[in-house]
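In: pasting the sequence and the predicted coordinates here, then a few questions.
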Amino acid sequence: MLMVGSRLIGMPVLSLHIGGQTASVKRPIIDPENLNIIAFELEGPLLSDPEIGSYLMAEDVREISMQGIVVDSADRFVNPEDVIRLNNVLELNFDLINLKVVSHEGRSEKKIGRIEDYTVDSATLTIFQIIVQRPFMQSLKDAQLTINRSQITEIDDYKVTIMHDKQKVSVPQKKTAKEEAEEFVPNFTNPFRKPDYSPVEDDIDDN
C-alpha cells in the first residue's frame, strides 16, 4: 500500500522478541540515487546503550502496518560504521523535503514548487510520488501537485528536475493504478495488529 512519508516520523518500532515497542522513527534515510528508503534513524531510551545501534536497515523490516514498523528484535539495529552503504548515504546529508522542483523550457528553468511530502510503497520502501507545494501565485489554482517518480530526470543537493510536460503534472488522485495492482500482503501474522483491523482509505492525503 502507499502511505504518506511524513507518517513514518514518530512511528513505533515494534519488536516480536519482546512483544512491544523498542524505539520510534526519527527520520527515514533516502538514497537519492534511486529514491528508496534504505534505513530508518531511530530514537528512544533503549538506544542509550552503546551496544545497540540507532539505525534500522530496510531489509530488516518485517512489516509496516497501521500499528508501526515490525522487526524481529533490537538486535537488528545497526550503527552507520557497521554498514558501508548506509554510511555512504548518510555522508551525502540528503533530505528530500523542501527541495526545489523545477522543469526546463529550452534554456530557462521554471520553478514548479517545493517538496513538502511524498508517498512511499510500504512493501518496497520505494518513493512513488513527490508532493509539491506550489508557489503562492500558482497555488491559487492548484495548491499541491503530485509528481510520479517516472517524471523525475535529475536530483541534486538543491533541486529535483522533472520532465516539462504539463499533462503529466497533475493534482493528487485518491487511488492510483499502483495501489490497485500492488496490495501490501504481510508474509507472517502480525501480533500487534488488532483482530478486527482492516485498512482505511487515508493512506494518501487528498489535500
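Out: Thanks, I have it.

In: list of residues touching stretch 12-24?
Out: Contacting residues not belonging to stretch 12-24 are listed as 10-11, 25, 40, 42-44, 46-47, 56, 62, 67-75, 77, 191-192 [CB atoms under 8 Å, 6 or more residues apart in numbering]. The way it works is simple: take the backbone N, C-alpha and C, and place the C-beta from them, glycine included.

In: buried residues in stretch 84-96?
Out: 86, 89, 90, 94, 96 (16 or more other CB atoms under 10 Å).

In: the third one: which element?
Out: When elements are assigned from DSSP states H and E, residue 90 belongs to helix 84-92.

In: residues making contact with the following helix or strand past that helix?
Out: Past helix 84-92, further along toward the C-terminus, the next helix or strand under DSSP H and E is strand 100-105. Outside of strand 100-105, the residues within contact range by CB under 8 Å, 6+ apart are 109-115, 130, 132, 147, 158-164.

In: list only buried entries from the contacts of stretch 12-24.
Out: 11, 25, 40, 42, 44, 46-47, 56, 62, 67-71, 74, 77, 192.

In: surely residue 27 and residue 11 touch.
Out: No: in this structure, residue 27 is not within contact of residue 11 by CB atoms under 8 Å, at 10.8 Å.

In: hmm, back to that, so of the contacts of stretch 12-24, which ones are in helices?
Out: Cross-referencing these against helices under DSSP state H gives no overlap.

In: coming back round to it: now the buried members of the contacts of strand 100-105.
Out: In terms of neighbour count (16+ other CB under 10 Å), the buried residues within these are 112, 113, 114, 115, 130, 132, 147, 159, 160, 161, 162, 164.

In: please, where are all the strands along the chain?
Out: Secondary structure of the chain (DSSP state E): strands located at 2-4, 12-15, 20-31, 36-43, 55-57, 63-64, 69-71, 100-105, 108-121, 126-133, 144-148, 152-155, 159-162.

In: can you put the ones you listed in JSON lines and add mean pLDDT and distance to residue 81?
Out: Rendered in JSON lines, the data for these read as follows (pLDDT from 0 to 100; distance: least, CB to CB, whole Å):
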{"stretch": "strand 2-4", "mean pLDDT": "93", "distance to residue 81": "30"}
{"stretch": "strand 12-15", "mean pLDDT": "96", "distance to residue 81": "21"}
{"stretch": "strand 20-31", "mean pLDDT": "96", "distance to residue 81": "15"}
{"stretch": "strand 36-43", "mean pLDDT": "97", "distance to residue 81": "13"}
{"stretch": "strand 55-57", "mean pLDDT": "97", "distance to residue 81": "10"}
{"stretch": "strand 63-64", "mean pLDDT": "95", "distance to residue 81": "26"}
{"stretch": "strand 69-71", "mean pLDDT": "97", "distance to residue 81": "20"}
{"stretch": "strand 100-105", "mean pLDDT": "89", "distance to residue 81": "32"}
{"stretch": "strand 108-121", "mean pLDDT": "93", "distance to residue 81": "27"}
{"stretch": "strand 126-133", "mean pLDDT": "95", "distance to residue 81": "26"}
{"stretch": "strand 144-148", "mean pLDDT": "90", "distance to residue 81": "35"}
{"stretch": "strand 152-155", "mean pLDDT": "93", "distance to residue 81": "26"}
{"stretch": "strand 159-162", "mean pLDDT": "93", "distance to residue 81": "30"}
